[in-house]
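Asks: how would this look folded up:
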Amino acid sequence: MIFAAKTTASGLIALLVAFTFNLDQPQWALLTVFIVAQRQSGLVLAKSFYRIIGTLIGAAAALLFVALFAQERVLFLGALALWVGLCTFGSQFARNFAAYAFVLCGYTVAIVGIPAALDVGNAFYIATARVTEISLGIIVTATVSGVVRPSALSAELRQAVADAHLWLADFVLAVIGERDAVMLRTKLISQAILIENLRASAVFEDREIRDRNGALRQFDIALLDVVGAAQVLGERLELLRQVTERVAAGVSEALADAAATVGAWRAGTIGADALRAGLLAAAGRSSLSRLQDFFAALVLYAEAHEGWVSRRVPAPGHVRLAHANDGVLALWTGVRATLAVVIVSTFWILADWPHGSTAAILAAVATARLTTMGHAVPVSIAATLIFGLATLPAFIIVEVVLPLVWGFEMFALIVTPAIFCCALLMASKKVEVQLLGFLSGLLFASVGLFQNRMVYDPIGLLNTAMAAVFAAGTAFVLWSIVAPDTPEAARRRFLRVAHRALAEVGAAHPRIGMAEFETTMIEALEQLRAHLRPDRQEDAAVLEKGIALLGAGREVIRQRGEPGSAAVNGLALAADRQLGRFRDAA
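Replies: Numbers count the residues shown, from 1 in each chain. Next up is the predicted model:
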C-alpha cells in the first residue's frame, strides 16, 4: 500500500509540474514514474542515475541521426535500427542497472529521433522537451521515494548476508557429514548472485555500504570459494570411497573434529580465530590436501564475515570479479532488436499508417526492455494480451470520463484510481502480478496523452493501443523464432562460457585468477539453473556436471604455480574431459 501510494503521488506531482510549466508531452513524465518506481529507495536512485545517463546519450545520438538522415527516411530508420541493436547487444555485457543504461541509450533514440525527424525544424526543441519530461519523472520519483517512508535497500542486503551465512554453515556441516548438500549449494549460488546485485544498488543510498564495498565483495568471493573447495573435496572423498569401503580413519577423525568446531562456530560460541585453531587441529589428523584447502577456504570466509559484521572498513584494494558474458547470446539479442525496428518501420512505410511512428517507437522500447527482463517469450505474450485487454478501461477513463471534468483537482480524482491500481499490482510479490501492473501503467500513460490542454481523440487512442499490441506481438514472434531462449540454448551458452573460462585458466599465461573464474562460473551456473527443472533427473545431472566444471577449473588454478608443469597439463586435460561429460549430458 505504501509503495502504491508513493508511486501514485509521484505520478500526480510529475503531471502537475508538467502542466504548470506547460511541457510539450507530460505523459512521458508519468511513463517515467512507472518505469523508475521500485519498492526500495536504493533501487530507485540506481535506476534513476543510469536512466539519466542513458537518456542524455540517446538524445545526443538522436540529434546526430536527424542531422545526417532527416531527408531520407530509409537511411534514418536503418541507422535507428542498428543503433537499437548495438545498444541491446551492449546491455548483455553490463550488469544490474548499468545494462539498463544501454537499453535507455537504444530506445531514447527512437523516442526522441522519430518525432524530431518528422519535424526537423523543431528537432532540438523536441529533444530538449523529452529529456526534460523524463528527468522530471526521475527527480520526482527519487525525491518521493527518499523522503516519504523510505525503504532502505541496505536492510535487505544485510539480511541476505545473514541468510547466506547460516546457509553456508549448514552447507559445510552437510559436506563434512557426507550428507546431500545439493539443495544448499544451489541456494548459496543464487544467494551469492543476489548479494552482488543488491550491493551494486545499495551503494547509491548508504554511505556505509559505499565505504565497505570492498569488504562485501570479499565476503561474496570467500563464500564462492568455500562452495568451489567443497566441490573438489566431495569428488576426492568419493574417490576414497571407491578405493576403500570406508573413508580412511584419519580423514574420518578429521571430519568429526571439524564438524564439532563448525557447529560451535555456527552457534556463535566461537569466532574466526577459534575456528582457525579448531580446523588446524582437525587438519593435522589427515594428510588429504583437498580437506586442508577446504578448511583454509572456510577460515578465510569466517574472517571475511567477521570483517563485515564488525563494520571494519577494509584497507583499500581492488577485488576483481567477472561476469558470464556470452557474445553469441548478445549478438542474437541485438539482431532481434534490430529486426523488430526494421519490420515495424517497413510496415509503417508500406501501409502509410498515421500511427506507424508510435508503433516504431514502441517496438524499440519493447524489444530493448525485454533484454533486461528475462523469459522474453512469456513476457511478450503477456504484454500483447495486457495491452489489448487494458485498452477498454483506458478508453473509458480518457475518452468518456475525463472530458466531463475541469481543473487539475477533478483530473487527479479521475486518474488517481487507475494509477493507484497499477502501482498496487506492481507492489505484489508475484512476478506475474507485477508485470500486469507495470504493463497496464505503461499503456495508460501512453494512450492518455495527458496535456495541459487536453485534446481528446478516440481514434488516436485506439491506434496507439493497436501500435502497442503490434509492437509487443512483433517482439513475441521474433523472440520465439529467432534463436529462441530454450533450455537447450541455455546449455549451449553455459558450455561456451565454461570452455572460454577453462581455456583462460589453463593457458600458459593465465588471464584470470580464482575470483574471476569462480564468479564467471557461478553466474553461468545460475543462468543455466534458471532454465532447468530440479524435479527432472536429467536436468539435475546436467547441473551437477556443470558444478563439477567449477571444481575442475579450481584445481587447475590451484596447481598452476608452474604453468608448464605436467601436473597442470594433466589437470587441464581432466578439465577438458569434464567439459566433454557436460556436453554429452546436455
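Asks: Let me know the pLDDT of Ala277.
Replies: Here, the pLDDT recorded for Ala277 equals 90.
Asks: Name the helix or strand for it, please.
Replies: Following DSSP states H and E, one finds Ala277 within helix 272-283.
Asks: Leu362 contacts Ala468, correct?
Replies: Yes: between Leu362 and Ala468 there is a contact under C-beta atoms under 8 Å: 5.4 Å. Any C-beta I mention is one placed from the backbone N, CA and C, and that applies to glycine too.
Asks: quick one: buried residues of stretch 11-27?
Replies: Within stretch 11-27, the residues that count as buried by 16 or more other C-beta atoms under 10 Å are 11-19, 23-27.
Asks: what does stretch 428-445 give?
Replies: For stretch 428-445, by 16+ other C-beta under 10 Å, it's Leu435, Leu436, Gly437, Phe438, Leu439, Ser440, Gly441, Leu442, Leu443, Phe444, Ala445.
Asks: same deal with stretch 127-141?
Replies: 127, 129-131, 133-141.
Asks: How about Val84, nearest residue that isn't a chain neighbour?
Replies: Gly106 (4.4 Å; C-beta to C-beta, 6 or more residues apart in numbering).
Asks: What pLDDT does the model give Ala29?
Replies: Looking at Ala29, the pLDDT reads 90.
Asks: Repeat that for Gly234.
Replies: 78.
Asks: now swap in Gly407 and tell me
Replies: 84.
Asks: how does this structure divide up, domain by domain?
Replies: With automatic domain parsing as the criterion, the domains of the chain are listed as 2-151+326-481, 153-204+213-309, 487-585.
Asks: Tell me the gap between the longest one and the middle of its chain.
Replies: Taking the mean C-alpha point of domain 2-151+326-481 and that of its whole chain, the gap between them comes to 19 Å (C-alpha atoms, centre = their mean, to the nearest Å).
Asks: End to end on it, go ahead and measure it.
Replies: This stretch, domain 2-151+326-481, spans 41 Å end to end (C-alpha to C-alpha, to the nearest Å).
Asks: quick one, what contacts the closest residue to Thr338 other than its chain neighbours?
Replies: Excluding the flanking residues, the one nearest Thr338 by C-beta to C-beta, 6+ apart is Gly85, at 3.3 Å. Gly85 makes contact with Gly106, Gly334, Val335, Ala337, Thr338, Val341, according to C-beta atoms under 8 Å, 6 or more residues apart in numbering.
Asks: so where does Gly85 fall, helix or strand?
Replies: helix 73-91.
Asks: what about dumping the CA coordinates of that helix to CSV?
Replies: Extracted C-alpha coordinates of helix 73-91, given in CSV (Å, rounded to 0.1, in the frame of the first residue of the first chain):
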residue,chain,number,x,y,z
ARG,A,73,13.7,8.0,-44.0
VAL,A,74,15.0,4.6,-45.1
LEU,A,75,18.6,5.6,-44.0
PHE,A,76,17.3,7.2,-40.8
LEU,A,77,15.2,4.2,-39.8
GLY,A,78,18.1,1.9,-40.8
ALA,A,79,20.5,3.8,-38.6
LEU,A,80,18.0,3.8,-35.8
ALA,A,81,17.5,0.1,-36.0
LEU,A,82,21.3,-0.6,-36.0
TRP,A,83,21.7,1.7,-33.0
VAL,A,84,19.0,0.0,-31.1
GLY,A,85,20.6,-3.4,-31.9
LEU,A,86,24.0,-2.2,-30.9
CYS,A,87,22.8,-0.9,-27.6
THR,A,88,20.8,-4.0,-26.9
PHE,A,89,24.0,-6.0,-27.7
GLY,A,90,25.9,-3.9,-25.2
SER,A,91,23.3,-4.4,-22.5
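Asks: pLDDT averaged over it, what's the number?
Replies: The predicted confidence, averaged over helix 73-91, sits at 89.
Asks: buried sites along that helix?
Replies: 76-81, 83-91.
Asks: how close does the closest residue to Ala283 other than its chain neighbours get to Val262?
Replies: Of all residues not flanking Ala283 in the chain, Gln292 sits nearest, at 4.8 Å (C-beta to C-beta, 6+ apart). Distance from Gln292 to Val262, counting by C-beta to C-beta, to the nearest Å: 15 Å.
Asks: Same check on Ile111?
Replies: 55 Å.
Asks: Met466 now?
Replies: Distance of Met466 to Val262, given as C-beta to C-beta: 62 Å.
Asks: Ok, Val365 next?
Replies: With distances taken as C-beta to C-beta, Val365 is found 51 Å from Val262.
Asks: go on, Arg529?
Replies: Arg529 is 26 Å from Val262, by C-beta to C-beta.
Asks: Comparing those two, which residue is more hemmed in?
Replies: Val262 (25 against 20; other C-beta atoms under 10 Å).
Asks: pretty sure the more buried one contacts Leu275?
Replies: Yes: at 7.4 Å, Val262 counts as touching Leu275 under the criterion of C-beta under 8 Å.
Asks: what about the closest residue to Arg149 other than its chain neighbours, how many neighbours?
Replies: Of all residues not flanking Arg149 in the chain, Ile2 sits nearest, at 5.5 Å (C-beta to C-beta, 6+ apart). Ile2: 11 surrounding residues under other C-beta under 10 Å.
Asks: Check Pro417 too.
Replies: Counted with other C-beta under 10 Å, the neighbours of Pro417 add up to 11.
Asks: What are the buried residues along the host helix or strand of Val344?
Replies: Following DSSP H and E, one finds Val344 within helix 327-351. Buried residues in helix 327-351, counted by 16+ other C-beta under 10 Å: 329-330, 332-345, 347-348.
Asks: do stretch 264-276 as well
Replies: Trp265, Arg266, Ile270, Ala272, Leu275, Arg276.
Asks: okay if I get these as CSV plus distance to Leu424?
Replies: Output for the buried residues of stretch 264-276, formatted as CSV (distance: C-beta to C-beta, whole Å):
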residue, distance to Leu424
Trp265, 44
Arg266, 41
Ile270, 48
Ala272, 46
Leu275, 47
Arg276, 51
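Asks: quick one: which of those residues is nearest to Glu306?
Replies: Ala272 (4.9 Å; C-beta to C-beta).
Asks: What distance do you get for that closest one to Leu80?
Replies: 56 Å.
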